[in-house]
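J.: Generate coordinates for the sequence data below:
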Amino acid sequence: MGDRQDRIKALVTGGGGFLGGAIVRQLLIKGHSVRSFSRGDYPELAELGVEQARGDLADAEAVKRASAGCNTVFHVAAKWGMTGEYTEYYRTNVVGTANVIEACRHHEIRRLVFTSSPSVVFDGKDMEGADESVPYPSSYKAAYPETKALAEQLVLSSNDADLATVALRPHLIWGPRDTQLVPRILDRGRKGRLLRIRGEPKLVDFTYIEDAAAAHLLAADRLRVDSAIAGRVYFVTQDSPMALWDFLDRVLAEAKLPEIRRSVSPRVALAVGWLCENAYRLLPLTGEPPLTRFIAEELSTSHWFDISAAKRDLGYQPRFTMEEGFQELRQWLS
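T.: Residues are numbered from 1 along each chain as shown. Here you go, the predicted model:
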């Protein structure tokens with residue numbers, strides 16, 4: 001994509017967010033034109049000269065207007081979280097994705113790169129070296145992975161002779177400008193709300209933000225109707241799994257916060273998650289609960305992935321080591 005004379009006009013949904021913003025910046029560096037579609041207005045995008053369209057993904061006409069004149073769509077925006085009304089997740093993640101696909105067809109846009117998540121195939125058990133053949137689970141404990149799975153299936157089933165689609169599953173994206181993973185770790189660390197779940201160390205994959213964004217550009221570069229990657233899904237990680245609690249302690253250390261000392265058993269964590277979910281559902285409590293069953297299972301299991309397909313088909317190779325990522329994070333936090 002960046003080596004061809006035909007520069008693209010890209011729509012990035014969620015261009016003001018963590019991953020969306022990184023994709024926007026990398027597209028601009030390569031000389032492409034970019035339009036962002038988000039509900040809010042982002043001064044940092046305006047400073048970069050990015051055209052901004054405002055609207056809701058669930059508004060089909062707004063999505064169509066934002067897509068006009070584009071030839072490639074990076075659909076990054078989603079409702080993320082572990083609690084809340086299922087209908088709100090469905091509205092944004094499923095209906096919104098259907099609207100993006102409809103807009104692509106309306107404007108004869110030929111390439112759609114979709115940001116999915118490994119959580120769409122998480123069944124509560126260890127995932128060690130899992131590849132793209134892992135099936136969707138029969139049930140989910142949270143609305144986010146369930147609706148993202150439905151959206152991913154919509155995208156993949158929409159691949160045809162008129163629209164080429166591909167889905168990427170970056171795992172636990174982190175790094176400077178992080179608005180989700182790192183801030184949650186630091187906030188809970190400051191409040192003393194982090195608990196270590198006892199048991200043997202569990203290896204987990206992470207994805208540094210610049211590599212996650214680069215994978216999306218690589219996918220768009222190779223995505224054509226009838227291309228090898230059309231209609232397929234790919235795991236994307238740093239390909240360097242580390243013990244989960246080592247990662248959390250290192251993030252805390254970079255912010256000069258103490259390591260996690262308190263611990264509970266996996267069974268207790270699951271029970272606490274269930275109690276928290278029900279308390280937040282039945283009582284007028286705001287914000288996110290300190291623990292859910294889904295998070296308890298993620299914290300007590302391994303989840304690292306075989307990314308050989310992404311290396312082979314997308315030409316993806318992580319450029320940053322985990323140590324380099326921590327160094328960049330330290331500078332951002334200081």
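J.: burial measure for the spatially closest residue to Ala253 that is not a sequence neighbour, as a count.
T.: The shortest distance from Ala253 to any non-neighbouring residue, by CB to CB, 6 or more residues apart in numbering, is to Glu259 (7.0 Å). C-beta here means a position set from N, CA and C on the backbone, and glycine is covered the same way. Around Glu259 there are 14 other residues, counting by other CB atoms under 10 Å.
J.: so where do the strands sit in the stretch 51-200 of the chain?
T.: In the stretch 51-200 of the chain, the segments counted as strands under DSSP state E, counting those that start in this stretch are 51-54, 72-75, 111-115, 127-130, 164-170, 173-174, 196-197.
J.: Output these in a markdown table; the columns should cover mean neighbour count.
T.: Converted to a markdown table, those look like this (neighbours: other CB atoms under 10 Å):
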| stretch | mean neighbour count |
| --- | --- |
| strand 51-54 | 16 |
| strand 72-75 | 28 |
| strand 111-115 | 27 |
| strand 127-130 | 16 |
| strand 164-170 | 26 |
| strand 173-174 | 22 |
| strand 196-197 | 20 |
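J.: Which of these sits closest to Lys311?
T.: Minimum separation from Lys311 across these (CB to CB) falls at strand 164-170, 13.2 Å.
J.: Helix, strand, or coil at the residue lying closest to Gly15 once chain neighbours are set aside?
T.: Counting by CB to CB, 6+ apart, Ser36 is the residue found nearest to Gly15 once chain neighbours are left out, at 2.7 Å. Ser36 falls in the strand class when you classify it by DSSP: H, G, I helix; E, B strand; the rest coil.
J.: Report the contact partners of the residue nearest to Ala253.
T.: Residues in contact with Glu259, defined by CB atoms under 8 Å, 6 or more residues apart in numbering, are Asp249, Leu252, Ala253.
J.: Return the distance of it relative to Lys30.
T.: 40 Å (CB to CB, to the nearest Å).
J.: Leu11 too?
T.: From Leu11 over to Lys30 the distance is 16 Å, taken as CB to CB.
J.: Next up, phi/psi of Gln180, please.
T.: Here the main-chain torsion angles of Gln180 (degrees, to the nearest 10) amount to phi -130, psi -70.
J.: neighbours of it, just the number please.
T.: Neighbours of Gln180 under the rule other CB under 10 Å: 15.
J.: so what's it up against?
T.: By CB under 8 Å, 6+ apart, Gln180 lies in contact with Phe18, Trp80, Ile173.
J.: Repeat the analysis, applying 10 Å as the threshold.
T.: Counting by CB atoms under 10 Å, 6 or more residues apart in numbering, Gln180 touches Gly17, Phe18, Leu19, Trp80, Gly81, Leu172, Ile173, Trp174.
J.: biggest helix in this structure by residues?
T.: Using DSSP state H, we find that the single longest helix of the chain is helix 266-282.
J.: quick one: average pLDDT of the following helix or strand past it?
T.: The C-terminal neighbour of helix 266-282 among helices and strands, as given by DSSP states H and E, is helix 293-299. The average pLDDT within helix 293-299 is 79.
J.: For helix 293-299, what is the distance to the chain centroid?
T.: Counting by CA atoms, centre = their mean, to the nearest Å, helix 293-299 is centred 17 Å from the centre of its parent chain.
J.: Would you agree Leu27 falls within a helix?
T.: Yes. Under three-state DSSP, Leu27 sits within a helix.
J.: so where's the stretch 151-300 of the chain shaky on pLDDT?
T.: Along the stretch 151-300 of the chain, the model assigns pLDDT under 70 to no residue.
J.: Mind doing that once more with 90?
T.: For the stretch 151-300 of the chain, the stretches with pLDDT under 90 are 180, 184, 188, 191-201, 261-300.
J.: residues in contact with Gly325?
T.: Gly325 sits next to 174-176, 206-211, 238, 240, 250, 318 when contact means CB under 10 Å, 6+ apart.
J.: again, only using 7 Å
T.: Gly175, Tyr208 (CB atoms under 7 Å, 6 or more residues apart in numbering).
J.: out of the strands of the stretch 51-200 of the chain, which comes closest to Arg232?
T.: Here strand 164-170 is closest among the strands of the stretch 51-200 of the chain (CB to CB), at 6.0 Å.
J.: Return the alpha-carbon coordinates of that closest one using PDB.
T.: Written as PDB, here are the backbone C-alpha positions of strand 164-170 (Å, rounded to 0.1, in the frame of the first residue of the first chain):
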ATOM      1  CA  ALA A 164     -12.600  -8.000   0.400                       C
ATOM      2  CA  THR A 165     -12.600  -8.400   4.100                       C
ATOM      3  CA  VAL A 166     -10.100  -9.500   6.700                       C
ATOM      4  CA  ALA A 167     -10.200  -9.600  10.600                       C
ATOM      5  CA  LEU A 168      -7.300  -9.100  12.900                       C
ATOM      6  CA  ARG A 169      -7.200 -10.300  16.600                       C
ATOM      7  CA  PRO A 170      -4.500  -8.200  18.400                       C
END
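J.: which parts of the longest helix of the chain are buried?
T.: Ala269, Leu270, Val272, Gly273, Cys276, Glu277, Tyr280 (16 or more other CB atoms under 10 Å).
J.: that older thread, now, of the contacts of Gln180, which are buried?
T.: By 16+ other CB under 10 Å, the contacts of Gln180 give Gly17, Phe18, Leu19, Leu172, Ile173, Trp174 as buried.
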